[in-house]
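> predicted structure and sequence below. I'll ask about it afterward.
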Amino acid sequence: DQQVKQNSPSLSVQEGRISILNCDYTNSMFDYFLWYKKYPAEGPTFLISISSIKDKNEDGRFTVFLNKSAKHLSLHIVPSQPGDSAVYFCAATFSNSGYALNFGKGTSLLVTP
Amino acid sequence: DTEVTQTPKHLVMGMTNKKSLKCEQHMGHRAMYWYKQKAKKPPELMFVYSYEKLSINESVPSRFSPECPNSSLLNLHLHALQPEDSALYLCASSQGIQFLTGELFFGEGSRLTVL
C-alpha cells in the first residue's frame, strides 16, 4: 500500500517559470520529509528536506511547503532551468528511524527552453 | 569525497549463478543501505547496516545475502535469483540512521538482469 503518493507522473514547464511538484501521504505519523532528484543512470540525489515542526524550508531556488492537516507537501522550483529536468521523488519517514524512507513513484519534470 | 561507488554498473546472471554487488563510501558514514528499484516504481528498502551490524532486514528472501566487512564497504551476495529479481540495486549511506543528522547519499546503482 503506497503511503506516499505523487499523482502526477510528469510535468512540463517553460524555462524561467515556476515548477510545482506535489506529494501526498497517508500516514500521519511521518514527521520528516525529503525530496530527491534523479537523473537517468544515476542514483537519487538529496535535494531538500523538511521537518513536521516547520511548514516551509527554502534552499536557493528550491522551497518545500508542508501542510500537515492536508498531509500534503509540495516542491517549488523558481526559476526553473533546463538542468532541473529529472525525476523528482518525494519521501517520508519517522525521524527516529530515518532509514525507513517511503518513496513516492516520482514525477518526471521537463523544463523546456 | 561525497560519493557512493557501486560495482558493477551492469550485471547479467543466470538463475544458478553466484555473484556479488559491491558498494563503497569514504565519507565516514556509519549507516549503509541496500534499496531495490524496479522500473517505474520507487526504491524499496532491503537492508540497513548501522555500525557494521545488520539493523533491518525488510523480509528479503535469503537468496539475497548482505555483508558489511567494514564501515566503508557493503556487499550484496546473490545466489539462485529469479528473473523477477531483475532490478536496479541502489546502495546508500548516511552519517547515522537518524535522519536529523544527515541525509542519504545514493550510489548510481547496479542494474541486474537475471536470465
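Ah, there it is.
> got any ranges where chain B has weak pLDDT?
By pLDDT under 70, the low-scoring segments of chain B are B:1-2, B:98-102.
> now the strands for it?
B:4-7, B:10-13, B:18-25, B:31-37, B:44-50, B:53-57, B:64-70, B:73-79, B:87-94, B:105-106, B:110-114 (DSSP state E).
> can you list the ones you listed in TSV and add mean neighbour count?
Glycine gets a C-beta too; all of them are placed from N, C-alpha and C. As requested, the strands of chain B are exported to TSV (neighbours: other C-beta atoms under 10 Å in any protein chain shown):
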stretch	mean neighbour count
strand B:4-7	19
strand B:10-13	14
strand B:18-25	19
strand B:31-37	25
strand B:44-50	21
strand B:53-57	13
strand B:64-70	15
strand B:73-79	18
strand B:87-94	24
strand B:105-106	22
strand B:110-114	18
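> could you dump the ones you listed into CSV and include distance to residue A:13?
As requested, the strands of chain B are exported to CSV (distance: least, C-beta to C-beta, whole Å):
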stretch, distance to residue A:13
strand B:4-7, 30
strand B:10-13, 33
strand B:18-25, 34
strand B:31-37, 25
strand B:44-50, 29
strand B:53-57, 38
strand B:64-70, 39
strand B:73-79, 37
strand B:87-94, 27
strand B:105-106, 25
strand B:110-114, 29
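> quick one: closest of those to chain A.
Taking C-beta to the nearest C-beta, strand B:105-106 is the member of the strands of chain B nearest to chain A, at 3.2 Å.
> check whether that closest one comes near chain A.
Yes. Using C-beta under 8 Å from any C-beta of the partner chain, strand B:105-106 reaches chain A at B:105-106.
> what about the closest residue in space to residue A:15 that isn't next to it in sequence, how many residues nearby?
Spatial nearest neighbour of residue A:15, chain neighbours left out: residue A:113 (5.2 Å); criterion: C-beta to C-beta, 6 or more residues apart in numbering or on different chains. By other C-beta atoms under 10 Å in any protein chain shown, the residues close to residue A:113 number 7.
> would you mind naming the residues that bridge with residue 49?
You didn't say which chain, so I picked chain A. Beta-bridge partners for residue A:49, by DSSP bridges, are residue A:34.
> chain B is the one I meant
With DSSP bridges as the rule, residue B:49 is bridged to residue B:32, residue B:54.
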